[in-house]
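Trainee: okay, sequence plus prediction incoming.
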Amino acid sequence: MTRHFNFCAGPAALPTAVLKRAQEEMLDYHGRGLSVMEMSHRSDEFVAIAEQAEADLRALLRVPDNYKVLFLQGGASLQFAMLPMNLLGRGGSANVINTGIWSKKALKELEHLELPHHVAASSEANGHTAVPRPDEVQLSDDAAYLHFTANETIGGLAFDYTPGARRRDGAQVPLVCDLSSSILSAPLDVSQYGVIYAGAQKNIGPAGLTLVIVRDDLLDQAQQPIPSLFDYRAIAEAGSMVNTPPSYAWYLAGLVFQWLREDIGGLAQMEIINQRKAEKLYGAIDASELYANPIALPNRSRMNVPFVLADSALDKTFLAEADEAGLLNLKGHRSVGGMRASLYNAVSEEAVDALVAFMADFEQRRG
């Protein structure tokens, strides 16, 4: 069996050690004679798996005691609706910083639900190549919270600071962050946020699981009535088991958390590795006459690196040869074209080295 290098933006690469352990436990979990995916989510065995996964995540992110961790379904996109339904029950408007496709989707859902909202800042004028600066973020007078997307997966645009969430009257409102494509890639001060949410299929585990970390004081802000499966408080009180959870994805996420703690040594070490990977690839792009990246230097994503070829007629050849070389899923998103290499935690430095070498060889052969 040959394992190729997977640069997919999601569902993304998983750590080899995690896949091997899951393989070993697939048919018989710890002598129980059945697979985790066959277990009752109410069984003592699965409850122990779930509790350990949450404990490991809390340890990795140093989640304060006054936050609940929810393991949900529906993908991060469901949070575009669940989030305002849970936070706008006392009035006010959702404030959003628009930095690309995913923040636009959050805005579009607010429009679809006819919920009050305000664009607090936007990078549209610069083509989403640089995030708005802190003094450009202007909250509405009735802001109930401020939402931003820390890392735009498609555009490769990342915040280099944490936005402030204070209205003109001086009132502090909860800061809400879509961390889907950068969570667990570096240390994070959770206490700065009211709500953090993230789809699993990039740095957490397989598709089908979504994490929400919510501060306790925000659990009584929901609109009424609210669907019971949307209610953060009800979900928290039920230990994320109002209904059958994505149990196997939860188990695999737990293995990823253990891998980060035990094999990698925590998020500070993971950040060092990710920085090294990104520097290698951006260095190759910047030194090239064939490849280019449009993002302002301070806002270049470590997780998602889009690049274009000077001659787009070479795109198909580049992708075909890359695929043949075992460098998979480098095609850019259909909305922007070009190429994109996603360098999530499970993408090894060996993979990045192989990509950089291939890019240099491809350019030399067409020089």
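Mentor: Thanks, I have the structure now.
Trainee: what about the stretch 251-367 of the chain, any weak spots by pLDDT?
Mentor: 367 (pLDDT under 70).
Trainee: now the helices for it?
Mentor: 267-286, 315-324, 349-365 (DSSP state H, counting those that start in this stretch).
Trainee: let's verify the residue nearest the centre of the chain: helix, strand, or coil?
Mentor: Centroid-nearest residue in the chain, with Cα atoms, centre = their mean: Ser180, separated by 1.7 Å. Using DSSP: H, G, I helix; E, B strand; the rest coil, the structure places Ser180 in coil.
Trainee: and the gap between it and Leu57?
Mentor: 15 Å (Cβ to Cβ, to the nearest Å). Yep, even glycine has a C-beta here, placed from its N, CA and C like the rest.
Trainee: repeat that for Pro206.
Mentor: Separation of Pro206 from Leu57 (Cβ to Cβ) stands at 16 Å.
Trainee: can you check Ile295 too?
Mentor: In terms of Cβ to Cβ, Ile295 sits 30 Å off from Leu57.
Trainee: next up, the contacts around the nearest residue to Arg58 once chain neighbours are set aside.
Mentor: Spatial nearest neighbour of Arg58, chain neighbours left out: Val69 (6.6 Å); criterion: Cβ to Cβ, 6 or more residues apart in numbering. By Cβ atoms under 8 Å, 6 or more residues apart in numbering, the contact set of Val69 is 54, 57-58, 63, 211-213.
Trainee: show me what Val69 bridges to in the sheet.
Mentor: Note on Val69: beta-bridge partners Ile213, judged by DSSP bridges.
Trainee: if I look at it, how far off is Gly265?
Mentor: In terms of Cβ to Cβ, Val69 sits 22 Å off from Gly265.
Trainee: same question for Gly326.
Mentor: Separation of Gly326 from Gly265 (Cβ to Cβ): 28 Å.
Trainee: picking that back up, which of the contacts of Val69 fall within helices?
Mentor: Residues of the contacts of Val69 located in helices (DSSP state H): 54, 57-58.
Trainee: would you mind giving those residues as CSV with distance to Ala346, pLDDT and neighbour count added?
Mentor: Formatted as CSV, the ones in helices among the contacts of Val69 follow (distance: Cβ to Cβ, whole Å; pLDDT from 0 to 100; neighbours: other Cβ atoms under 10 Å):
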residue, distance to Ala346, pLDDT, neighbour count
Glu54, 21, 98, 22
Leu57, 16, 98, 23
Arg58, 21, 98, 17
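Trainee: which one of these is nearest Lys202?
Mentor: Lys202 lies nearest to Leu57 out of the ones in helices among the contacts of Val69, by Cβ to Cβ, at 15.0 Å.
Trainee: okay but the closest one is in contact with Val63, surely?
Mentor: Yes. Applying Cβ atoms under 8 Å, one finds Leu57 in contact with Val63, separated by 7.1 Å.
Trainee: does Ala144 belong to a helix, a strand or coil?
Mentor: strand.
Trainee: setting the sequence-adjacent residues aside, check what's closest to Pro308.
Mentor: Small correction: residue 308 is Val, not Pro. If the residues on either side of it in the chain are set aside, Val308 comes closest to Gly338, at 3.9 Å by Cβ to Cβ, 6+ apart.
Trainee: just Thr2 next, same as before
Mentor: In space, and not counting its chain neighbours, Thr2 is closest to Gly326: 7.4 Å by Cβ to Cβ, 6+ apart.
Trainee: measure the one you found to Lys202 for me?
Mentor: Gly326 is 21 Å from Lys202, by Cβ to Cβ.
Trainee: of those two, who's got more company?
Mentor: Applying other Cβ atoms under 10 Å to Gly326 and Lys202 shows that Lys202 carries more neighbours, namely 30 against 14.
Trainee: please list all residues in contact with the more buried one.
Mentor: 9-10, 12, 153, 180-181, 183, 303, 342, 344.
Trainee: do Glu237 as well
Mentor: Glu237 neighbours (Cβ under 8 Å, 6+ apart): none.
Trainee: pLDDT score assigned to it?
Mentor: For Glu237, the model assigns a pLDDT of 97.
Trainee: and the one 10 residues further on, by the same measure?
Mentor: If you check Ser247, the pLDDT there is 97.
Trainee: report how many residues lie close to it.
Mentor: Neighbours of Ser247 under the rule other Cβ under 10 Å: 22.
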